[in-house]
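Colleague: Mind looking at a prediction? Sequence and model below.
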Amino acid sequence: MAATSATPWRDGLRFAFGTLTVFPVRVTRWDREAARGGMLLAPLAGLAVGLCAGAVGALLALAGASALLAAVAAVAVPAVLTRGLHLDGLADTADGLGSGKPAEEALRIMKQSDIGPFGVITLVLVLLGQVAALAQAYGGSWQRGMLAAVVSATVARLAMSLAAVQGVPAARPEGLGAAVAGVVPRVGASVVTVAVMVVAAGAGALVGSADSLRALLAVVVAEAATDVLLRLCRRRFGGVTGDVFGCLAETAATTALVVFSLGG
């Protein structure tokens, strides 16, 4: 037991990367303590995904590819590195919310393997929005495009950390939502949020003063938007599910990218 409790952050990192990415990391523990560390460290998994996405887009831009092609590649990388699970959660949650059904029926709709019309429309519009926003960022410079990709991926996982805060119940007794619901202490969530804001602003300062402010606003606005969506999902479904976590991640990423596209 002493050896296990001595490495909570290592277990948390394994949990974060093993459940939120396809990186070859084996999750050695699946208990509440490991889940707590994993969800607190989720933005680090997002940072890794964002660096991969941003670098691919930047390399294409530096090689002479169009900003649009760089943006498409930068959007595709996170989808690949998460097996498309967050996008699937986005579509399923859209179907559940759009169904207008009571919580139990809406949750059943979300568990179905097919995607309904609300899910398809939401998925298409979100991906188009992400590509359009990133194309504008890469059109400004490869540095701004990479910054936007990194910040959006990081803030997406921050949204998941905040959705796992204490007091937020699980809508189902099983699945990822039940495993991580309510595991994050509120103080820890605040510390992680401030850390992401500081790092985002600092990274933006390397590109330019305007980009520093833009990166900071991207974090703040994205989390405000996902907080509204989280409240809606709690009211409609009675809590969070794995699909809701994915939906929140994609919503945060898209909102952050939109912020980056504003102001030139």
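Modeller: Arrived safely.

Colleague: same for the helix of greatest length in the chain, what does it pack against?
Modeller: Among the elements of the chain assigned as helix by DSSP state H, the one spanning the most residues is helix 209-237. Using 3 or more C-beta pairs under 8 Å, 6 or more residues apart in numbering; DSSP states H and E as the contact criterion, the elements in contact with helix 209-237 are helix 85-99, helix 103-111, helix 142-163, helix 186-207, helix 242-261. Every residue, glycine included, has its C-beta placed from N, CA and C.

Colleague: Can you flag the weakest of these by average pLDDT?
Modeller: Mean pLDDT per stretch puts helix 103-111 lowest among these, at a mean of 89.

Colleague: Helix 242-261 and that one, what's the angle between them?
Modeller: 70 degrees (axes from the mean of the first three to the mean of the last three C-alpha atoms, to 10 degrees).

Colleague: Of all the residues in helix 103-111, which ones are buried?
Modeller: Neighbour counts over helix 103-111 (16 or more other C-beta atoms under 10 Å) mark A106, L107, I109, M110 as buried.

Colleague: Just the residues contacting the helix or strand just after it, thanks.
Modeller: The C-terminal neighbour of helix 103-111 among helices and strands, as given by DSSP states H and E, is helix 117-140. The contact list for helix 117-140 (C-beta atoms under 8 Å, 6 or more residues apart in numbering) reads 57-58, 61, 67-68, 70-72, 74-75, 87, 90-92, 94-95, 97-99, 115, 144-145, 147-149, 152, 250-251, 253-254, 257-258, 260-261, 264.

Colleague: Would you list the buried entries among those?
Modeller: If you count burial by 16+ other C-beta under 10 Å, the buried members of these come out as 57-58, 61, 67, 70-72, 74-75, 87, 90-92, 94-95, 97-99, 115, 144-145, 147-149, 152, 250-251, 253-254, 257-258, 260-261.
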